[in-house]
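Q: this one's structure only:
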(Lines give C-alpha, C1' and ligand atoms only; values in the text may rest on other atoms or scores of the structure.)
Protein backbone atom coordinates (compact mmCIF):
# COMPACT_ATOMS: atom_id res chain seq x y z
CA UNK A 1 0.00 0.00 0.00
CA UNK A 2 2.85 2.42 0.89
CA UNK A 3 6.61 2.02 1.07
CA UNK A 4 7.09 4.82 3.59
CA UNK A 5 4.64 5.51 6.43
CA UNK A 6 5.01 8.56 8.66
CA UNK A 7 3.60 8.00 12.18
CA UNK A 8 1.40 10.61 13.86
CA UNK A 9 1.04 9.32 17.41
CA UNK A 10 0.87 12.49 19.52
CA UNK A 11 -2.31 14.51 19.99
CA UNK A 12 -0.85 17.49 18.13
CA UNK A 13 0.47 15.43 15.18
CA UNK A 14 -2.87 13.65 14.84
CA UNK A 15 -4.75 16.96 14.94
CA UNK A 16 -2.47 18.56 12.34
CA UNK A 17 -2.28 15.49 10.11
CA UNK A 18 -1.60 16.72 6.59
CA UNK A 19 -3.09 20.21 7.07
CA UNK A 20 -1.01 22.89 5.42
CA UNK A 21 1.20 20.38 3.64
CA UNK A 22 1.65 19.52 -0.01
CA UNK A 23 0.18 16.23 -1.32
CA UNK A 24 2.23 13.18 -0.39
CA UNK A 25 4.05 11.54 -3.29
CA UNK A 26 2.91 8.09 -4.40
CA UNK A 27 4.18 5.41 -2.02
CA UNK A 28 3.99 7.63 1.10
CA UNK A 29 1.30 7.67 3.77
CA UNK A 30 0.50 9.11 7.19
CA UNK A 31 -0.55 6.76 10.02
CA UNK A 32 -2.75 8.29 12.74
CA UNK A 33 -2.88 6.21 15.94
CA UNK A 34 -5.08 6.03 17.95
CA UNK A 35 -7.76 7.35 15.63
CA UNK A 36 -11.33 6.53 14.62
CA UNK A 37 -12.31 9.69 12.73
CA UNK A 38 -10.65 12.40 10.65
CA UNK A 39 -11.49 15.88 9.44
CA UNK A 40 -10.45 17.52 6.20
CA UNK A 41 -10.74 21.12 7.40
CA UNK A 42 -8.20 23.47 5.82
CA UNK A 43 -6.86 20.70 3.56
CA UNK A 44 -5.56 21.59 0.10
CA UNK A 45 -6.12 18.19 -1.53
CA UNK A 46 -8.29 15.06 -1.34
CA UNK A 47 -7.20 11.84 0.40
CA UNK A 48 -7.64 8.11 0.13
CA UNK A 49 -8.27 6.90 3.69
CA UNK A 50 -8.07 3.41 5.22
CA UNK A 51 -9.53 2.79 8.69
CA UNK A 52 -8.01 -0.15 10.60
CA UNK A 53 -9.12 -1.98 13.73
CA UNK A 54 -6.78 -3.09 16.54
CA UNK A 55 -5.75 -6.16 14.54
CA UNK A 56 -4.78 -4.03 11.51
CA UNK A 57 -7.80 -5.25 9.53
CA UNK A 58 -9.47 -2.82 7.16
CA UNK A 59 -12.87 -1.74 8.52
CA UNK A 60 -13.58 1.05 6.01
CA UNK A 61 -12.07 2.61 2.90
CA UNK A 62 -12.86 6.14 1.71
CA UNK A 63 -11.43 7.07 -1.68
CA UNK A 64 -11.14 10.68 -2.76
CA UNK A 65 -12.26 12.26 0.53
CA UNK A 66 -12.53 15.95 -0.37
CA UNK A 67 -11.46 18.95 1.71
CA UNK A 68 -14.00 20.19 4.29
CA UNK A 69 -15.42 16.68 4.87
CA UNK A 70 -15.37 14.31 7.86
CA UNK A 71 -15.05 10.52 7.88
CA UNK A 72 -15.16 7.92 10.65
CA UNK A 73 -15.43 4.18 11.15
CA UNK A 74 -16.85 2.28 14.08
CA UNK A 75 -14.19 0.02 15.59
CA UNK A 76 -11.30 1.89 13.99
CA UNK A 77 -8.07 2.28 16.02
CA UNK A 78 -5.78 3.52 13.23
CA UNK A 79 -6.14 5.56 10.06
CA UNK A 80 -3.84 5.55 7.04
CA UNK A 81 -4.02 8.68 4.84
CA UNK A 82 -2.67 8.91 1.31
CA UNK A 83 -3.05 11.43 -1.50
CA UNK A 84 -6.23 10.65 -3.45
CA UNK A 85 -5.70 8.26 -6.33
CA UNK A 86 -2.61 6.58 -4.87
CA UNK A 87 -4.33 3.78 -2.90
CA UNK A 88 -4.11 0.47 -4.74
CA UNK A 89 -7.38 -0.84 -6.15
CA UNK A 90 -7.11 -4.40 -4.79
CA UNK A 91 -7.49 -3.49 -1.09
CA UNK A 92 -10.88 -4.19 0.48
CA UNK A 93 -12.65 -4.34 3.83
CA UNK A 94 -11.52 -7.29 5.93
CA UNK A 95 -7.99 -7.33 4.49
CA UNK A 96 -5.20 -7.46 7.05
CA UNK A 97 -2.38 -4.97 6.59
CA UNK A 98 1.18 -5.41 7.81
CA UNK A 99 2.54 -2.23 9.35
CA UNK A 100 6.31 -2.31 9.71
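A: Done, it's in. Since the structure is predicted, the reported quantities are computational estimates derived from the model, not experimental observations.

Q: got a list of contacts for stretch 90-100?
A: Residues outside stretch 90-100 that contact it (CB atoms under 8 Å, 6 or more residues apart in numbering) are 1, 5, 31, 50, 52, 55-61, 78, 80. In this view, the C-beta of every residue, glycine as well, is placed from N, C-alpha and C.

Q: Of the residues you listed, select the buried ones using a PyMOL command.
A: The following PyMOL line selects those of the contacts of stretch 90-100 that are buried, judged by 16 or more other CB atoms under 10 Å:
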select buried, resi 1+5+31+50+52+58+59+60+61+78+80
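
Q: Just the ones of the contacts of stretch 90-100 in strands?
A: Of the contacts of stretch 90-100, the ones assigned to strands by DSSP state E are 5, 31, 50, 52, 58-61, 78, 80.

Q: ok, so of those, who is nearest residue 70?
A: Comparing these against residue 70 with CB to CB places residue 60 closest, at 13.0 Å.

Q: quick one: the closest one and residue 52 touch, right?
A: No - judged on CB atoms under 8 Å, residue 60 makes no contact with residue 52 at a distance of 9.1 Å.

Q: Identify the contacts common to those two.
A: What both residue 60 and residue 52 touch, as defined by CB under 8 Å, 6+ apart, is the set residue 76.

Q: pull the helix or strand with minimum mean pLDDT from this structure.
A: Lowest by mean pLDDT, DSSP states H and E among the helices and strands of the chain is helix 11-16, with a mean of 91.

Q: Check which residues of that helix are buried.
A: Within helix 11-16, judged by 16+ other CB under 10 Å, the buried ones are residue 14.

Q: how far is that helix from where the chain is centred?
A: Distance, stretch centre to chain centre, for helix 11-16: 13 Å (CA atoms, centre = their mean, to the nearest Å).

Q: Please name the residues that touch residue 49.
A: Per CB under 8 Å, 6+ apart, neighbours of residue 49: 38, 61-63, 65, 71, 79-82.
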